[in-house]
Structure formats: C-alpha cells, structure tokens
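Visitor: With the input below, show me the fold.
(one chain, ligands or ions: 1)
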Amino acid sequence: MIEARRISKFISVVNDDRSAEGFTVLNSVSLTIESGSFVSLLGPSGCGKSTFLEILAGLQAPSDGQVWINGKLVLEPLPATRKEMEEYRRKYRFLSPIANSLFRDNPKHDIAMIFQDYAVFPWMTARQNVLFTLKLRGVPKAEREGAAAHYLRLVGLAGSENKYPSQLSGGMRQRLALARALSVEPQVILMDEPFAAVDALTRERLQEDLLRLWQETKKTIVLVTHDVDEAVYLSDEVVVFAPLPGSIRNRVTIDIPRPRRRSSPELKQFTERLLAMYKFDTIHETDYVI
Ligand SMILES: Nc1ncnc2c1ncn2[C@@H]1O[C@H](COP(=O)(O)OP(=O)(O)OP(=O)(O)O)[C@@H](O)[C@H]1O
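Guide: Below is the predicted model of the structure:
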C-alpha cells in the first residue's frame, strides 16, 4: 500500500534580478493507494502531478509530510546499489532501531519509475540495458542472461535483444523501459506520461501490454497522464488534481468490469465526467459546480 500523508512542496526560485520568490506546488496532499491497484493522476498542466510522483518515488523530498510504501518510510532517493545502501544506513544510524527497521533494508527496489523519454541507455543494446539493471539489483551473473531474456520476452521484445535504442521504434523503446522497470521486481511502478511520445495506435498497443502485465504481475501502478480516455480505460481509480497549489480535487472510482471495451457507453460517461472536471480547471473555473 502507498500512503502519502499531507505532502506539501514549497519551491523557491531566484529571479534574474536576484530577488527570490517562493511558491507552493503541493498543498497537503494525502492519498492512499491499495496494493495491486491501478491508479491514474489527472489534472491541468503544471498542477504538481509529476512532483507528487517523484516524491512518491523518493526522487524528491517533500517540504512537509511523509510517504509510506508497504509500511516503509520513503526518505529520499532510494539506494540503487549495495554500496549506496550502506551509505544510506550509515547516514540514518542515529535513528532508533525501531525507526531504522522501517527503512528499506534490502537494496532491491520496491519502486520503479518510467518516464516519457524512455530512460534507457542509448549506448547499450536492449539486452545490455536489462542486464545492467539486473546487475545493479545484485542478481548473480549466471542468472542474468536468462532473466534478461525473460523480461524482454514479457514485453514483446524477443528478437530485438541486440538492437540499440536508436534502432527501436518509440513504442519498442518504451517497452524496453518497461522491461527494465519489471526487472527491478518492484512492488510499485510509477509512470509519468509514458505513452505521450508515441502515435495513437502504438499507444493503444502499449496500454494493452501494460494491462496484461499488470494483471499477470499484480503490481501497483500509478500513472500520470493527460489523456482522460487512457486514465478511464486503464484505471481502477482516477485522482483529479486541482491547479496550483496542487491538491486533490476529486477521486473517481472506475467501477467497470474488465476486460473493458474502449467504445462502451459506460466508459464514455466516465470520460465526460472527468473531462468536465479537467476542463473546469483550465477554462471555466467559476462556472463549475461539483
Ligand atoms: N525544480 C523546480 N524549480 C522551479 N519550479 C518547479 C520545479 N519543479 C516544478 N516546478 C514548478 O512546479 C509546478 C508543478 O510542476 P509539475 O511538473 O509537477 O506539474 P505537472 O502537473 O506534472 O505538469 P505537466 O502536466 O505539464 O507535466 C510547475 O509550475 C513547475 O513549473
């Protein structure tokens, strides 16, 4: 389970004339996400969705509040290697043994994050990209080749193992990012507009792949998207953010059984309802009544 407790984020920026100003990006956002669920975060541009996701991932520290994932406190960027883990534990050794036991005590990640821009190493082949993640995770050398083949097959990249990212299409590169994320064996996958850079047909295919993998692996998925149809089609719940300072305007449960039909009237109703909330923030703020 992911628990974000009263997360706030304040940012100060220094202007050209050296004056400084501060603003609130997130204002006391609390959100609980059940294990194994698929939740999308929707909201107008700049409302703090990515910042919130990065705080969940421990890539940014909140100014206030806490994130707990499966009973462990997320403090800061998570250690990726055994060496980083040792430094992390040294740093927090002043905390009581009880507090310490709340931290991750295993270098294996619980969280993997996928971005729009693929986040794969361009100088490595697909296979080498996954092998590298497995190495970081501490998987014994003898097991790595088999595991890399497994994850690449899972995302439909069997046969493209020896291609470099530049030789793959956008959709295939995103599949590779997904294979890397899965190879971390995370409990939680956080995705920031992962399909924004691919064409509509590829996006639909990737959505189907993601649904299949989610159902097979029972991971918790949190997806930031601008695409209301995508959010409704994929999610158990859609969380709608209000504009800056970001806060949660609404949570909508998409209680449509799966498999879902993209063109079903039930899905369309949800899309229209969410679009109304979404548009309200960008266009007709004063006209809207919940
Ligand atoms: N490091 C930073 N320095 C200054 N401003 C920042 C920083 N990080 C985020 N912001 C600002 O905080 C606000 C929220 O940004 P964020 O990227 O989280 O929004 P978002 O909802 O994900 O936007 P989009 O949907 O357009 O990607 C924006 O106004 C952004 O300009």
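
Visitor: Now do the same for the residue lying closest to residue 217 once chain neighbours are set aside: helix, strand or coil?
Guide: Excluding the flanking residues, the one nearest residue 217 by Cβ to Cβ, 6 or more residues apart in numbering is residue 182, at 7.1 Å. (Each C-beta comes from the backbone N, C-alpha and C, glycine too.) Following DSSP: H, G, I helix; E, B strand; the rest coil, residue 182 is assigned to helix.

Visitor: so what's residue 182 up against?
Guide: Contact partners of residue 182, counting by Cβ atoms under 8 Å, 6 or more residues apart in numbering, are 112, 151, 154, 155, 189, 213, 217.

Visitor: Count the neighbours of the residue in the stretch 51-200 of the chain that the ligand sits nearest to for me.
Guide: Nearest residue of the stretch 51-200 of the chain to the ligand, counting by Cβ to the nearest ligand atom: residue 51, 3.4 Å away. Neighbours of residue 51 under the rule other Cβ atoms under 10 Å: 20.

Visitor: pretty sure it is touching residue 60, no?
Guide: Yes. Here residue 51 reaches residue 60: they are 6.6 Å apart, a contact under Cβ atoms under 8 Å.

Visitor: Overlap of the contact sets of those two?
Guide: Common neighbours of residue 51 and residue 60 (Cβ under 8 Å, 6+ apart) are residue 9.

Visitor: which parts of the stretch 51-200 of the chain sit against the ligand?
Guide: Residues of the stretch 51-200 of the chain lying close to the ligand by Cβ under 6 Å from any ligand atom are residue 51.

Visitor: residue ranges of the strands in the stretch 51-200 of the chain, please?
Guide: 64-69, 72-74, 111-114, 188-192 (DSSP state E, counting those that start in this stretch).

Visitor: Where does the prediction get shaky in the stretch 51-200 of the chain?
Guide: 75-82, 84-85, 88-109, 117-118 (pLDDT under 70).

Visitor: Which parts of the stretch 101-250 of the chain are helices?
Guide: 126-136, 141-154, 170-183, 200-217, 228-234 (DSSP state H, counting those that start in this stretch).

Visitor: and the nearest residue to residue 50 once chain neighbours are set aside, how far is that from residue 86?
Guide: Sequence neighbours aside, residue 192 is the residue nearest to residue 50 in space, at 5.5 Å (criterion: Cβ to Cβ, 6+ apart). With distances taken as Cβ to Cβ, to the nearest Å, residue 192 is found 29 Å from residue 86.

Visitor: Which one's more surrounded, the two?
Guide: Applying other Cβ under 10 Å to residue 192 and residue 86 shows that residue 192 carries more neighbours, namely 21 against 12.

Visitor: Was I right to think that one contacts residue 115?
Guide: Yes. The criterion here is Cβ under 8 Å, and residue 192 meets it with residue 115 at 5.1 Å.

Visitor: Just list the residues touching the residue lying closest to residue 242 once chain neighbours are set aside, thanks.
Guide: Leaving out its chain neighbours, the residue that sits closest to residue 242 by Cβ to Cβ, 6+ apart is residue 249, at 4.1 Å. Shown in contact with residue 249 (Cβ under 8 Å, 6+ apart): 43, 240, 241, 242, 277, 281.

Visitor: Can you give me the buried ones in stretch 267-276?
Guide: 267, 270, 271, 273, 274 (16 or more other Cβ atoms under 10 Å).

Visitor: could the helices of the stretch 101-250 of the chain go into JSON lines alongside distance to residue 9?
Guide: Formatted as JSON lines, the helices of the stretch 101-250 of the chain follow (distance: least, Cβ to Cβ, whole Å):
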{"stretch": "helix 126-136", "distance to residue 9": "28"}
{"stretch": "helix 141-154", "distance to residue 9": "33"}
{"stretch": "helix 170-183", "distance to residue 9": "24"}
{"stretch": "helix 200-217", "distance to residue 9": "28"}
{"stretch": "helix 228-234", "distance to residue 9": "23"}
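
Visitor: quick one: which of those is nearest residue 2?
Guide: Closest to residue 2 of the helices of the stretch 101-250 of the chain is helix 200-217 (Cβ to Cβ; 15.2 Å).

Visitor: name the helices or strands packed onto the closest one?
Guide: helix 170-183, helix 228-234 (3 or more Cβ pairs under 8 Å, 6 or more residues apart in numbering; DSSP states H and E).
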